[in-house]
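Visitor: sequence and predicted structure below; questions after.
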Amino acid sequence: MRVVDFQAVLTAQPAVAAALDKAQRAAGTKAPEVKALREGYQLVAKVLWTRRASIPRVHDLTWLDHVVVSAGTRLGRVWDSEEGRKSFVAAEEGMGEDVFRELFPKEGSEWIEIPVEAFAGISPTVKLERGVSGPYRVGIVPEPRLRSLFEWAGKTKFNAPPAATSVLGEVEALSAAARRGAGPSVAVVFAAYSFEDVASE
């Protein structure tokens, strides 16, 4: 789960290219990390060209933000253990408001628009898909909905089971951080990949 500035990610090809060059020099052209960075570079170009990012592509953009664009910042949290899975299950059992389901979708998908101005003269928005697609699960809460997410998480964590409070606390903290860096291209994003529906990021 991360705060993602899609303006920054989708205009980060120079940063990705520099990371790719460094990785190639250190590990060779066939290393898995190099392959992933090469695909990330191409992904940014595809999204800018089509102005659309499917659920798997949003997942990969979030990974690219995590490892290159916003690497080292505190604007994210990774859950990958059995304890983390139990925390998510406990949090989901208590969710009821739409804004929480936007962040942790369970089925279906929908497209939302996020403002991203990459080049003059091209549409200033991209369409991002959130929902569930095979092993991918992606939630996006855009800037206009961040206040509702922050208030809901803060209110809910006081009556939540102990296992759920860490997730709700992180949701509250990340939505607050996203609001502080407020811009129309900023969103809180949950991106998970698992064949067993275990949150991985």
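Guide: Right, received. Where do you want to start? Numbering: from 1, shown residues only.
Visitor: can you give me the helices for this protein?
Guide: 6-9, 13-27, 32-50, 55-64, 82-93, 98-103, 146-156, 162-180 (DSSP state H).
Visitor: wouldn't G108 be in contact with S133 here?
Guide: No - between G108 and S133 there is no contact under C-beta atoms under 8 Å: 9.8 Å. Any C-beta I mention is one placed from the backbone N, CA and C, and that applies to glycine too.
Visitor: the two - which one has more neighbours?
Guide: S133 (16 against 9; other C-beta atoms under 10 Å).
Visitor: pLDDT score for the more buried one?
Guide: S133 is assigned a predicted lDDT (pLDDT) of 93.
Visitor: ok so, going back, I'd like to know which of the helices of the chain lies nearest to V138.
Guide: Closest to V138 of those, according to C-beta to C-beta: helix 55-64, at 4.8 Å.
Visitor: now do that closest one and helix 13-27, the angle between them.
Guide: Using axes from the mean of the first three to the mean of the last three C-alpha atoms, to 10 degrees, the inter-axis angle of helix 55-64 relative to helix 13-27 is 70 degrees.
Visitor: now the angle from helix 55-64 to helix 32-50?
Guide: Orientation check (the same axes, to 10 degrees): helix 55-64 against helix 32-50 gives 120 degrees.
Visitor: which helices and strands sit right next to helix 55-64?
Guide: Contact analysis of helix 55-64 by 3 or more C-beta pairs under 8 Å, 6 or more residues apart in numbering; DSSP states H and E lists strand 2-5, helix 6-9, helix 32-50, strand 125-133, strand 136-142, strand 186-193 as its packing neighbours.
Visitor: quick one: work out the angle between the longest one and strand 125-133.
Guide: Taking the same axes, to 10 degrees, one finds helix 32-50 and strand 125-133 inclined to each other by 130 degrees.
Visitor: got the contact list for the helix or strand bottoming out on mean pLDDT in the chain?
Guide: Scoring the helices and strands of the chain by mean pLDDT, DSSP states H and E places helix 82-93 at the bottom, with a mean of 78. For helix 82-93, contacts defined as C-beta atoms under 8 Å, 6 or more residues apart in numbering pick out 79, 104, 106, 160-161, 163-164, 166-168, 198-199.
Visitor: who wins for neighbours among those?
Guide: The most crowded member of the contacts of helix 82-93, judged by other C-beta under 10 Å, is V167 (25 neighbours).
Visitor: for that one, list the residues it contacts.
Guide: 79, 87-88, 90-91.
Visitor: same question, F150
Guide: Here F150 is in contact with 172, 175-176, 179 (criterion: C-beta under 8 Å, 6+ apart).
Visitor: same question, P105
Guide: Per C-beta under 8 Å, 6+ apart, neighbours of P105: 130-132, 137-139.
Visitor: next one, pLDDT for it please.
Guide: At P105, pLDDT is 91.
Visitor: count the residues that sit near the closest residue to it other than its chain neighbours.
Guide: In this structure, P105 finds its nearest non-sequential neighbour in G131, 4.7 Å apart by C-beta to C-beta, 6 or more residues apart in numbering. Close neighbours of G131, defined as other C-beta under 10 Å, add up to 20.
Visitor: point out where the protein drops to low pLDDT.
Guide: Within the chain, the stretches with pLDDT under 70 are 94-96, 118-123, 182, 195-201.
Visitor: good, wrapping up.
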